[in-house]
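Student: what shape does this take:
(one chain, ligands or ions: 1)
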Amino acid sequence: RFAQDARARAEADSFGSLISVLSAEQVDAQATDISRRLAAGETLPLAGVPIVIKDNLNLIGTATTCGSRMLAGYVSPYTATAVQKVQRAGAVIVGKANMDEFAMGSSTETGAFGATQNPWDTSRVPGGTSGGSAAAVASGMVALSLGSDTGGSVRQPAGFTGVYGFKPTYGRVSRYGLVAHASSLDQIGPFATSAQDLALMLDAISGHDPRDATSLEAAPNFAASLGAEIKGLRVGVISESLGGNTAGVEAALKHMLDALKDLGATVSDISLPTLQHAVAAYYLISTPEASSNLARYDGMVYGTRVDAGDVNTSMSRARGQGFGREVKRRILIGTYALSSGYYDAYYSKAMKVRRLIADDFNRAFGQFDILITPTSPFPAFKRGEKVSDPVAMYAADVDTVAISLAGLPALSVPAGFETVDGKRLPLGIQLIAPALSDEKLLTVVSALE
Ligand code: GLN
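Tutor: Just a heads-up that it's a prediction; the model follows:
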């Protein structure tokens, strides 16, 4: 009944959080399986907990659209490993969450099936690209959801909607069954409203998967990392992110730093100069990867078929009609950056910058246990404000993409509000840990709670 209640809330959702809702029978089948396993004496940490998953995660027998007309009508023939793992832990999936098309964007406005509204102010975006997964938790439809983060797509929407959003160390969670955007950056992560709930999800989804060669062997015990003291924790505030923030974001950061000091942490600024090149490097690395990954949607093997007589015309029409503007823009930029004559100037140079950024973080972690920055320089922006200005949209990723390039774990924590036009808008502050120290972030937030 608990899962069916969540399904009813999903049906009634007015924020455009979901692309599809599972049928009552599909929800029942999952619930029955859980009852059977509980009766057999299994321990299920998420027994009967309803969740939604982003629509780029495959779940057998359900539509997976990635917010694209290209995949309209596609039904998943298998289930993503992370999704299988939450189901194994007892969760019941009730819906597939809205997103920017193929996870490209920062506002959940570029999907083919409509935009998601921010539950705090419906004239504003919920952030993106996992805006549907974020809004579903923020509105109380479900307590937990899964999104994916390539350059900020879990953290930024978490910040914009006032919930926790966790991007694990690259490789911590299997990408098998997550439709690829940029394979060297993509990582699945949870949304939740408490450190405890985050730990349950992270413990469920982490670990090695023989089907993803980049997935890591050992997985930490997240639940066990809750509740420890953080006295003596060395916190570095990234000084590159200290300009250009709204007054509310500055105040939220200061408030968080004061709270950490009260708990016995030491706080000082640290400069990571290469971060100023992160947005440029990110878009010159993610678009080439995306252009390669999206080559499979030719209307022949994958994607909506358009029969136009000869093969070439059929393919180009399928791609012309199936992809939206932002996806086409990325394919063009990515193909250009990889092409002979430009490769050295763009892709290869961006890869060198990526290495320097990772080195900068490593140097900082020689001095600090965690680093801290805002999740975004501003709270949720208006719908329609940036969607026709790609450069402004890309610039909105300034606080999240460097961490993705370095493969580090980061958590956006709800950190107060800023009142804009009479509406209270949530703010997020981002905590960053060294690679493989994901659980440290949960220790810190559980101390802050
Ligand atoms: N905004 C970034 C982009 O459009 C991040 C996307 C993501 O994390 N999926 O590439």
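Student: check contacts around the one residue in the stretch 201-350 of the chain that gets nearest to the ligand.
Tutor: Nearest to the ligand, among the residues of the stretch 201-350 of the chain, is Ser286, at 5.2 Å (Cβ to the nearest ligand atom). From N, CA and C alone the C-beta is placed, and that goes for glycine too. Neighbouring residues of Ser286 by Cβ atoms under 8 Å, 6 or more residues apart in numbering: Thr150, Gly151, His181, Ala182, Leu185, Arg330, Gly334.
Student: closest to Thr373 among the residues you listed?
Tutor: For these, the closest approach to Thr373 (Cβ to Cβ) belongs to Gly151, at 14.4 Å.
Student: using CSV, write out every CA atom in stretch 395-414.
Tutor: Coordinates of each C-alpha in stretch 395-414 appear next as CSV, following Å, rounded to 0.1, in the frame of the first residue of the first chain:
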residue,chain,number,x,y,z
ALA,A,395,28.6,29.0,-17.2
ALA,A,396,26.1,27.9,-14.6
ASP,A,397,28.2,24.7,-14.1
VAL,A,398,31.2,26.7,-12.8
ASP,A,399,31.1,25.1,-9.3
THR,A,400,30.5,21.5,-10.2
VAL,A,401,32.4,20.4,-13.4
ALA,A,402,36.0,20.6,-12.0
ILE,A,403,35.1,17.9,-9.4
SER,A,404,33.7,15.7,-12.2
LEU,A,405,36.9,16.1,-14.3
ALA,A,406,38.9,15.0,-11.3
GLY,A,407,36.6,12.1,-10.6
LEU,A,408,36.1,13.1,-6.9
PRO,A,409,33.1,12.4,-4.6
ALA,A,410,31.0,15.4,-3.7
LEU,A,411,27.8,16.1,-1.8
SER,A,412,25.5,19.0,-2.1
VAL,A,413,24.0,19.9,1.3
PRO,A,414,20.9,22.0,1.9
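Student: is that stretch positioned near the ligand?
Tutor: Yes: for stretch 395-414 and the ligand, the contact criterion (Cβ under 6 Å from any ligand atom) is met by Asp397.
Student: what residues sit buried inside that stretch?
Tutor: By 16 or more other Cβ atoms under 10 Å, the buried positions in stretch 395-414 come out as 396-414.
Student: narrow these to those in helices?
Tutor: Among the buried residues of stretch 395-414, the residues falling in helices (DSSP state H) are Val401, Ala402, Ile403, Ser404, Leu405.
Student: surely the residue of the stretch 201-350 of the chain closest to the ligand is within a helix?
Tutor: Yes: assigned with DSSP: H, G, I helix; E, B strand; the rest coil, Ser286 falls within a helix.
Student: residues touching whichever residue of the stretch 251-400 of the chain sits closest to the ligand, list them.
Tutor: Per Cβ to the nearest ligand atom, Asp397 is where the stretch 251-400 of the chain lies closest to the ligand, at 4.7 Å. With contact taken as Cβ under 8 Å, 6+ apart, Asp397 is in contact with Ser106, Gly151, Gly152, Gln156, Val279, Tyr282.
Student: now the buried members of the residues you listed.
Tutor: Buried among the contacts of Asp397 by 16+ other Cβ under 10 Å: Ser106, Gly151, Gly152, Gln156, Val279, Tyr282.
Student: could I get those residues as CSV with distance to the ligand?
Tutor: Listed next are these as CSV, based on distance: Cβ to the nearest ligand atom, whole Å:
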residue, distance to the ligand
Ser106, 4
Gly151, 3
Gly152, 5
Gln156, 7
Val279, 10
Tyr282, 7
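Student: what number of residues lie near Pro273?
Tutor: For Pro273, the neighbour count with other Cβ atoms under 10 Å is 11.
Student: so it touches Asp360, yeah?
Tutor: Yes: taking Cβ atoms under 8 Å as the definition, Pro273 is a contact partner of Asp360 at 7.0 Å.
Student: backbone dihedrals for the residue nearest the centre of the chain, please?
Tutor: By Cα atoms, centre = their mean, the mean C-alpha position of the chain lies nearest to Val154, the distance being 2.5 Å. Backbone torsions for Val154, taken as degrees, to the nearest 10, come to phi -100, psi -40.
Student: wait, doesn't it sit right on Val163?
Tutor: No: between Val154 and Val163 there is no contact under Cβ under 8 Å: 10.1 Å.
Student: now do the shared contacts for these two.
Tutor: Taking Cβ under 8 Å, 6+ apart as the criterion, Val154 and Val163 both touch Ala134, Phe191.
Student: got the contact list for Gly131?
Tutor: Residues near Gly131 by Cβ under 8 Å, 6+ apart: Ser17, Asn98, Met99, Asp100, Ser107, Thr108, Thr116, Val125, Pro157, Phe160, Thr161.
Student: would you list every one of the strands in the chain?
Tutor: With DSSP state E, the ranges of strands along the chain come out as 18-21, 50-54, 92-97, 144-149, 164-167, 187-192, 234-238, 266-270, 370-374, 410-420, 423-432.
Student: what packs against the second one?
Tutor: This points to strand 50-54. Judged by 3 or more Cβ pairs under 8 Å, 6 or more residues apart in numbering; DSSP states H and E, strand 50-54 is in contact with helix 2-12, helix 81-88, strand 92-97, helix 131-138, strand 144-149.
Student: could you dump those to CSV with distance to Met315?
Tutor: Shown next, in CSV, are these (distance: least, Cβ to Cβ, whole Å):
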stretch, distance to Met315
helix 2-12, 36
helix 81-88, 31
strand 92-97, 27
helix 131-138, 30
strand 144-149, 27
